[in-house]
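Trainee: how does the following fold in three dimensions:
(chains A and B)
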Amino acid sequence: MSLLALSAPILADRVKKGEIRAAHVVEESLARIEAENPRLGAVLHVAAESARSAARAVDAAIGRGDEPGPLAGVPILLKDNISTIGMPTTAGSRILDGYLPLYDATVVEKLRGAGAILIGKTNLDEFAMGSSTENSAFGITRNPWDMTRVPGGSSGGSAAAVASAMTPVALGSDTGGSVRQPASFCGVYGLLPTYGRVSRYGLIAFASSLDQIGPLARDLGGIRAVFDAIAGHDPRDATSSPDSGMARRDGALRVGIAEGLLSRSGVETGVAARLNETAARLERGGARLVPVTLPDPDKAVATYYLIATAEASSNLARYDGVRYGLRVPGETVESMMRRTRSAGFGREVKRRILLGTFVLSSGYYDAYYVRAQKSRALLRRAFLQLFETVDVVLLPTSPTAAFAVGDRTEDPLAMYLADVFTVYANLAGLPALSVPAGRDAAGLPVGAQLMAPPFGEELLFAAAKHLEGTAA
Amino acid sequence: MSAVRFEPVIGLEVHVQLATRTKIFCPCATSYGATPNTHVCPVCLGHPGVLPVLNREAVALALKWGVAVGATVPDRSIFARKNYFYPDLPKGYQLSQYDRPITVGGSVPFRVDGAPHRTRLVRAHLEEDAGKSFHPESGREAATLIDLNRAGVPLLEVVTEPELHSAAQAEALLGRIHQLVMYLEICDGNLEEGSFRCDANISVRPAGTEVLLPKTEIKNLNSFRNVYRALEFEIVRQSRVLEAGDKLVQATRLWDAGTGRTRVMREKEEAHDYRYFPDPDLRALEIPARWIDEVRTTLPELPWDREERLSRTYAIGFEDAQTLAGTRALADYFEAAALEAGDGKAASSWVLTEILRLYKLSEDGWRGVRVPAAGLGKMVGMIRDGTISGKIGKSVFAEMAETGKDPEAIVEARGYRPISDPEQLRGIVTDVLNDHAGPVRDYLSGKEAALQFLMGQVMRRTEGRATPHLAREAVLLAIEARRGENAE
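Mentor: Predicted structure coming up:
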């Protein structure tokens, strides 16, 4: 059995005990990427040399009897919108082609400190804008379960890499479902931590009030180990929270079942069937099922796209060709900036910048941005209220299994609806976990999503524990 | 048709660079004059993925301002993004405050030609400065060069109500604001380095009416005098447009100190839509009441209070008190000297003339003024109690200015000790009277002015050291003695 099939904490344990060398694990990971990546397109940049030297350092530390950290020797891939010093960080955009960051994201520092080995960077929808990883300037990523299908997005590269065992774990980022939806499409676990739980310092911003970095792994243990390593307050991120986890109450886990959602048009029967089974398995495991009603998902999607595009239009203003990345010359500074942005951004990014600029424009701001913020506050309040009666809520991660490559690229609205069940958590600042829930009739993975109140990651893990090992 | 008189309506926007050691959202230094682009980091360069962290020191300085002008400090204020593209604006937006500024209201008292005024403030808000663009004419290619050392330096933008009605009022208020920020030590006040900048909004209207006509925003006002000149120019320009029956258009105009004119930079139609919205990277700024109380205890005596007190306590004219309270350093100097001298009035005249002269000549500010305040005070006291004459005082002062030495030491070393021994004085006076029999006779025959001459001779012979009132006594005594002799 490949070492890469091991759970990250088990692998780290064996490295620490000296049973396997980190250098060996890294070679396996590099070989696996070399073999699989040409057909999958999951990895954009492989940092072979720095990975090898990091692995040697871990092995040397162990040789000296030093504590190498909880993720000792665990190879990890990072979504390419996470800043890595001296290592290309493109956000999947032409406009950052050739840019080399001057600093490591806080999560990168933490992972290095925990002994994890940075193997490279994974593909994504440009600036994390998309649900299929078809919007990257550097080619599409394919689903390892079916090469004709997308891996989901925008963290499709990380999901495909983990699913194809290039590494046991990877990091993604989730603004409206970008970790959970590809996790569900690729049959792996994907966690959106509570907003503020993981530092955003070094995460290339898409929509600042919604973005959060989260781990993907093939097992719950891998998710927990990486989450533990990257969570915590960061003085460099003013939105990072000093709070740590909340205490779990005693007694049976109360699981809210959002039954109405499954009968919505657009929810595939395979997805509905796997969700019902998941609920039944939770009940058999001792959980109490409580029917609940969630806020209108269509409103949530509308709210999400108003806020996300507004923030994005401002966040992406810095890519002007002046200081780094692409520069297309012009006769004046203004024409240089105009040409650079025209050539550097892809179609979907431009669409969202235009939408967001419109949302913030005087005369429209109150009707769109202010109303969206009110709607968001109401949504959060509704969820906080809901969590007074249940510990977690169960719902699909995505209404469908992985769709075909090219299927939705000409229909942005259909693409946006892929986020219909995932934007809740981002809007309300809740943690959510996508758990593999079996496969549909076509053999494609289906994901079940668990949501918990703020700082309730432990509740998610407890619920997922009920399900672990019983997935089809 | 009778001529309509026009009245200007003026408001100011003052950019005060807060004197923090580091920038408002990152740990880079704020010091001026460094090699371009050396005080920068990923945060102030706007690199992908960076986040701002608010410098609490900038907030503390802004609170000082708010408390000093009696503004309301809301318990929550919010940073907003002001979105516009400019090559020296690294993020493509400026972090500023919009509808929830750090201070609201307040007012600043000031005087114009002795008459008291008070202008209310709309608000003051915190923001980051942008970088600087250069457009060198020479060089093989036309290029724009950018220095981002200034990007992220903290600014407090103070906005006054539009209730000033002359260029002189505007200039005086600006001077007062400048004085206040220096008193509060929240800004170094350096105009040349751009630490203190001003834009002015001005419209005119027929005197006595309340109508508001389109206004002009004047930029590039880098001195108090230019504020006055630009506003005077604009008052005349706008009045003429109206007199000619034409319409004014709202515009931003640039002051050109060289030509003494303003020119259009952009008109209203081209106005930016800055698309302000709350910055999602920064939490709302919460200011608990106890922070404001704490700031209140650190507040110095404010300039307008100090003027009043100096005038009252030292019995000096208000105008002199205003000059002495001009800066904290000058006022402190004066008070230390006055205390030592035991005579505020006398100390004030030395400070207002000799010390200010030295200060103006100094290339190193107060450090270049070598006369210590206590030393000046001691010297003024010595003149007052007759230890030295005013004339000797001038020599002592000259040496203090040169060397910074203690006045008593100078008097000792130079032998400036006064001659007040009656025996010694009598000898000197006898010699003088013997040498000048003519003037003695003149005096005795009723020419009082001859006494002045004889006193002068005594002073000359003693190099000014004779204690004046004792010398006078001795001269009178000796002459009266001769009246008898002459009669014999």
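
Trainee: all helices for the stretch 201-350 of chain A, in order.
Mentor: In the stretch 201-350 of chain A, the helices defined using DSSP state H, counting those that start in this stretch lie at A:220-230, A:259-262, A:269-284, A:297-315, A:333-344, A:347-360.

Trainee: figure out which of those is closest to chain B.
Mentor: With distances scored as CB to the nearest CB, the stretch of those nearest to chain B is helix A:347-360 (3.8 Å). In short, each C-beta sits where N, CA and C put it, glycine included.

Trainee: can I get the closest one in CSV? Just the C-alpha atoms.
Mentor: The C-alpha coordinates for helix A:347-360 follow below in CSV (Å, rounded to 0.1, in the frame of the first residue of the first chain):
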residue,chain,number,x,y,z
ARG,A,347,-13.9,36.5,-18.6
GLU,A,348,-15.5,35.3,-15.3
VAL,A,349,-13.3,37.6,-13.3
LYS,A,350,-14.2,40.6,-15.5
ARG,A,351,-17.8,39.7,-15.2
ARG,A,352,-17.6,39.7,-11.4
ILE,A,353,-15.6,42.9,-11.2
LEU,A,354,-18.2,44.7,-13.4
LEU,A,355,-21.1,43.3,-11.3
GLY,A,356,-19.4,44.3,-8.1
THR,A,357,-18.6,47.8,-9.4
PHE,A,358,-22.2,48.2,-10.3
VAL,A,359,-23.4,47.0,-6.9
LEU,A,360,-21.2,49.6,-5.1
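
Trainee: return the list of helices and strands in contact with it.
Mentor: Counting contacts by 3 or more CB pairs under 8 Å, 6 or more residues apart in numbering or on different chains; DSSP states H and E, helix A:347-360 packs against helix A:297-315.

Trainee: buried sites along the helix it packs on?
Mentor: Across helix A:297-315, burial judged by 16 or more other CB atoms under 10 Å in any protein chain shown covers A:297, A:300-315.

Trainee: where among the helices of the stretch 201-350 of chain A is average confidence lowest?
Mentor: Ranked by mean pLDDT, those end with helix A:259-262 in last place, scoring a mean of 85.

Trainee: thought B:G456 was touching B:A466, still the case?
Mentor: No. B:A466 is beyond contact range of B:G456, at 10.8 Å (criterion: CB atoms under 8 Å).

Trainee: state the distance from A:A128 to A:Y364.
Mentor: A:A128 sits at a distance of 25 Å from A:Y364 (criterion: CB to CB, to the nearest Å).

Trainee: ok, now how distant is the residue of the stretch 51-200 of chain B at minimum distance from chain A from A:I353?
Mentor: Nearest to chain A in the stretch 51-200 of chain B, going by CB to the nearest CB, is B:G92, at a distance of 2.4 Å. B:G92 sits 11 Å away from A:I353, taking CB to CB as the criterion.

Trainee: what do those two both touch?
Mentor: Common contacts of B:G92 and A:I353 (CB atoms under 8 Å, 6 or more residues apart in numbering or on different chains): A:L316.

Trainee: and the strands in chain A, which stretches?
Mentor: Using DSSP state E, the strands found in chain A span residues A:43-46, A:75-79, A:117-122, A:169-173, A:189-192, A:213-217, A:254-257, A:288-291, A:392-396, A:432-439, A:445-451.

Trainee: let me have the ones you listed in TSV, extended by mean pLDDT.
Mentor: What follows is the strands of chain A, written out as TSV (pLDDT from 0 to 100):
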stretch	mean pLDDT
strand A:43-46	98
strand A:75-79	98
strand A:117-122	98
strand A:169-173	98
strand A:189-192	98
strand A:213-217	98
strand A:254-257	96
strand A:288-291	96
strand A:392-396	97
strand A:432-439	97
strand A:445-451	98
